[in-house]
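Student: just coords:
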């Protein structure tokens, strides 16, 4: 079975600083990988996804993530944090066979002015 | 295309009652998955329906049930509500079974059990 680990349930950064949210997965074969964002009292919105091809994936709102097979990681980054980035971020994987989606426990990002 | 819609958005129920939540997927999407989100447990998978058949089920008691109609709309039912059922219930749709690609989420139904 797949599993997803998000290191750090709470991350605080200063406005303008680098955002780094960590995600590691366990899988015998490279899965599909996703990052979702959730703003208060809303559903989840897809930020970006990796399915195949280029390992550096660019998403919405200036976020990007790099798939590193050797490290089984898919960390999310943004060069300069904005106040509007404060939200909950979820990493997710699916096993490509259509069986199920697996979500991490989420990381709450706080941006300090 | 219209997004995933969930009704109602907010609901207050009393312990012991039952509740039905509704989810309308994006047009053409045949897979609907349900999740329970709580501060303590995070996102927990309830079940997935694809073409009116339950494909997968999470580790929830039998009080939680669901179904999917021929138009892909899905309902989730919780019987004999407990205080611990208070949560945000999210539904997500996709054109193929959920593990094959990304899911699109609705805004959720906030259920409060008193």
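Tutor: Looks like it came in fine. Predicted model only: the values in this text are computed from it and were never measured.

Student: how about the nearest residue to residue B:65 once chain neighbours are set aside, secondary structure?
Tutor: Leaving aside its chain neighbours, residue B:65 sits nearest to residue B:77 (5.0 Å; criterion: CB to CB, 6 or more residues apart in numbering or on different chains). All C-beta atoms are positioned from the backbone trio N, CA, C, and that covers glycine. Recorded secondary structure, residue B:77: strand (DSSP: H, G, I helix; E, B strand; the rest coil).

Student: burial check on residue B:77, number of neighbours?
Tutor: Neighbour count for residue B:77, taken as other CB atoms under 10 Å in any protein chain shown: 13.

Student: against chain A, how distant is it?
Tutor: 20 Å (CB to the nearest CB, to the nearest Å).

Student: what's across from that residue in the sheet?
Tutor: Beta-bridge partners recorded for residue B:77 (DSSP bridges): residue B:20, residue B:65.

Student: before we move on, what about residue A:76?
Tutor: residue A:21, residue A:65.

Student: ok so, going back, ok, the residue nearest to residue B:65 - contacts?
Tutor: Shown in contact with residue B:77 (CB atoms under 8 Å, 6 or more residues apart in numbering or on different chains): B:18, B:19, B:20, B:21, B:64, B:65, B:66.

Student: again, but for residue A:82
Tutor: Contacts of residue A:82 by CB under 8 Å, 6+ apart are A:15, A:111.

Student: check residue A:95 too.
Tutor: Shown in contact with residue A:95 (CB under 8 Å, 6+ apart): A:2, A:27, A:29, A:31, A:32, B:99.

Student: and it, backbone torsions?
Tutor: Note on residue A:95: its backbone torsions stand at phi -90, psi 10 [degrees, to the nearest 10].

Student: any stretches of chain B with poor pLDDT?
Tutor: Where chain B drops to pLDDT under 70, the residues are B:99-100.

Student: chain A contacts on that one?
Tutor: Counting by CB under 8 Å from any CB of the partner chain, the residues of chain B lying close to chain A are B:4, B:33, B:35, B:42-43, B:45, B:48, B:56, B:90, B:92, B:96-108, B:110.

Student: show me where chain A has helices.
Tutor: Counting by DSSP state H, chain A has no helices to list.

Student: and it, which residues reach chain B?
Tutor: Close to chain B, as judged by CB under 8 Å from any CB, chain A has residues A:32, A:34, A:36, A:41-46, A:49, A:51, A:90, A:94-101, A:103, A:105-106.

Student: rerun that using 6 Å as the cut-off
Tutor: When proximity is defined as CB under 6 Å from any CB of the partner chain, chain A approaches chain B at A:34, A:42-44, A:46, A:49, A:94-95, A:97-101, A:103, A:105-106.

Student: for chain B, just list every one of the strands.
Tutor: All strands of chain B, identified by DSSP state E, fall at B:5-7, B:10-13, B:19-24, B:31-38, B:42-50, B:53-57, B:64-68, B:74-78, B:87-94, B:104-105, B:109-113.

Student: please disregard the earlier target; I meant chain A.
Tutor: A:3-5, A:10-14, A:19-21, A:24-26, A:32-38, A:44-50, A:56-58, A:64-68, A:73-78, A:87-94, A:101-103, A:107-112.
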